[in-house]
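In: A predicted structure for the sequence below; I have some questions about it.
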Amino acid sequence: MEIGFGGGAALPRLLSGASFVCGVDRSDDVVSAATRKFADAVGAGRAQFHVGAVEKLPLQDATFTKALSVHTVYFWQSLEAGSAELARVLAPGGRVVLGFLPKRHMDRMNMPADIFTPREPDDIVAALNATGFREIEVRRPNSETAWAVATGVRN
């Protein structure tokens, strides 16, 4: 499952390695475009795309084993509400992966405060911990990047 898949950059790779991929995005246009672009996978029952927000996912409980979201935590109304929803739709033992730029890097970009909420890695860890995730880690893919990746496993 990918939350906030936007232009769908990760979807081809996800589809090539999984028997089923579900995407949720806030934009009707993005969902329509993905449904058209990946029509073969949708028709074969290998993909579904839904309009929704991380705080209220239009998905059944304990359905997925993996969840991915990249560059979206800044738009979440609440880290804890979004994390709770991810925990709800992940099966026990399911893994979440959240890619983001930490607050100190986002602050340098002067993004509009009414749209973006820069996030501290510790705040993401706290939200995952409070909503039933364990084995939580935050890492940087390599020393040259500002990106961070938070991972956790649902209890």
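Out: The structure has been received and is ready for your questions. Residues are numbered from 1 along each chain as shown.

In: Just the pLDDT for Gly23.
Out: The model reports Gly23 with a pLDDT of 98.

In: Let me know the distance separating Glu120 from Pro102.
Out: In this view, Glu120 and Pro102 are 7 Å apart by Cβ to Cβ, to the nearest Å. For glycine as for every other residue, the C-beta is placed from the backbone atoms N, C-alpha and C.

In: out of those two, which sits in the more crowded spot?
Out: Pro102 (19 against 14; other Cβ atoms under 10 Å).

In: right, and that one touches Ala146 too?
Out: Yes - between Pro102 and Ala146 there is a contact under Cβ atoms under 8 Å: 7.1 Å.

In: ok, the residue most central in space within the chain - contacts?
Out: The chain has Ser69 as the residue nearest its centroid, 2.0 Å off, counting by Cα atoms, centre = their mean. Ser69 makes contacts with Glu2, Ile3, Gly4, Val54, Val96, Val97, Leu98, Gly99, as judged by Cβ atoms under 8 Å, 6 or more residues apart in numbering.

In: Quick one: buried ones out of these?
Out: Glu2, Ile3, Gly4, Val54, Val96, Leu98, Gly99 (16 or more other Cβ atoms under 10 Å).

In: Of those residues, which is the nearest to Asp40?
Out: Of all these, Asp40 sits closest to Glu2, with 17.9 Å by Cβ to Cβ.
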